[in-house]
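**Q** When you get a sec, could you give me coordinates for this:
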Amino acid sequence: MKLTQLANFYLKYMVKEYSENHQKTFSDWNKLRSMFPNEDEEFICDAFRKLSKDGLVKNSWADNHPYLITLEINAIIEAEENTLLKKTYDFLKEVREWL
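**A** Here you go, the predicted model:
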């Protein structure tokens, strides 16, 4: 798996949790880690570093892994805009097929 794919998976997971449960902070490292048991822990940490560098999350670190991850508001807005754009595209594609 590529680093970007892993980071995107975690971002989607966190945005979904926010949408469904209004959860913006994530502190259960074992749960996050268990989502990809075959991936190296350092590689997973790099995914969270990437998300932080992109301004989508804030990470607090302890024992060489994030112990508190906070979803940034711009990540939520970006996800909502992308979802709306995708729905609009799918709708226009369907209309085009009708014609």
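
**Q** And the nearest residue in space to residue 13 that is not next to it in sequence, how far from residue 74?
**A** Distance criterion CB to CB, 6 or more residues apart in numbering; nearest residue to residue 13, sequence neighbours excluded, is residue 35 at 7.3 Å. Placement of C-beta: from N, CA and C, glycine included. Distance from residue 35 to residue 74, counting by CB to CB, to the nearest Å: 23 Å.

**Q** helix, strand or coil for residue 68?
**A** The assignment at residue 68 comes out as strand when based on DSSP: H, G, I helix; E, B strand; the rest coil.

**Q** next one: residue 9
**A** Look at residue 9: counting by three-state DSSP, its state is helix.

**Q** For residue 62, see how far away it is.
**A** 23 Å.

**Q** More neighbours: the two, which one.
**A** residue 9 (14 against 9; other CB atoms under 10 Å).

**Q** ok so, going back, report the separation between the residue nearest to residue 13 and residue 29.
**A** Distance from residue 35 to residue 29, by CB to CB: 11 Å.

**Q** With neighbour numbers in mind, choose between those two.
**A** Neighbours were counted for residue 35 and for residue 29 using other CB under 10 Å; residue 29 has more, 19 against 12.

**Q** Just the pLDDT for that one.
**A** For residue 29, the pLDDT comes out at 92.

**Q** and the residue nearest to it when sequence neighbours are not counted, what are its bridge partners?
**A** Closest residue to residue 29 in three dimensions, ignoring its sequence neighbours and counting by CB to CB, 6+ apart: residue 65, at 5.6 Å. For residue 65, the beta-bridge partners are residue 62 (DSSP bridges).

**Q** Give me the neighbour count for the closest residue to residue 45 other than its chain neighbours.
**A** Nearest in space to residue 45, with sequence neighbours left out and distances taken as CB to CB, 6+ apart, is residue 65 at 5.4 Å. Residue 65: 15 surrounding residues under other CB under 10 Å.
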